[in-house]
Each structure stands twice: as structure tokens, then as C-alpha cells.
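[1] next input, structure requested:
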Amino acid sequence: MDNNITVYSASWCGFCHAAKDYLNKLGVKYTDIDVEKDPQAGAAAFTKSGQRGIPVLDIGGDIIVGFDRPKIDASLKAHNIA
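    Here you go, the predicted structure:
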């Protein structure tokens, strides 16, 4: 099932790895987009979040900047994902 979750990240970003590890631990499927390999995706993440920081998580339209576990949990619950 596609949960409509996108993680905008970079290979060198520790918080990006933490966010993806957390989603993996929960068994949540997501699409990972490396903003260094795809600059247009980086621009899309900036447009969605209004910030240049990563990770940017798009969970069903909820935009979360950084590895903010309480916000991630709340969004997953709101979308009946985890």
C-alpha cells in the first residue's frame, strides 16, 4: 500500500537517517528523494516547507521539517498509517 509519504533527504544528513530509520522501525513505507542528486526535488521540498533544512517529510500533505518524532507520530496517526 502506498502511504503517500515522501522524505526529502541527503546521504550526509544524520537527522535524515534518523527519520528514515524511525519510519523503517515502524514498518512505514515511504519514497526517499535525495535532494543532492535531484536539485528539482530540493526546490520542491523548499516550496512545501518554506525552509532549506532537511529532512522534509510530506505525510499525506502534512509537512514536517526535521526529525520531529511527536509531529511524525501525530501525522501518521491522523492518516491512519501507524
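[2] can you count the residues close to residue 64?
    By other C-beta atoms under 10 Å, the residues close to residue 64 number 20. Where you see a C-beta, it was placed from the backbone N, CA and C, and this is true even at glycine.
[3] got the contact list for the helix or strand harbouring it?
    For residue 64, the enclosing helix or strand under DSSP states H and E is strand 62-65. Strand 62-65 is touched from outside by 48-49, 51, 53-57, 71-72, 75, 78-79, with contacts defined as C-beta atoms under 8 Å, 6 or more residues apart in numbering.
[4] averaged pLDDT, the helix ranked longest in the chain. What do you get?
    For the chain, the longest helix by residue count, based on DSSP state H, is helix 14-26. Mean per-residue pLDDT for helix 14-26: 97.
[5] can you give me the helices for this protein?
    14-26, 39-49, 69-78.
[6] export the ones you listed to a markdown table and append columns for mean neighbour count.
    Output for the helices of the chain, formatted as a markdown table (neighbours: other C-beta atoms under 10 Å):
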| stretch | mean neighbour count |
| --- | --- |
| helix 14-26 | 15 |
| helix 39-49 | 15 |
| helix 69-78 | 15 |
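[7] can you redo those helices as CSV with distance to residue 33?
    Shown next, in CSV, are the helices of the chain (distance: least, C-beta to C-beta, whole Å):
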stretch, distance to residue 33
helix 14-26, 11
helix 39-49, 4
helix 69-78, 17
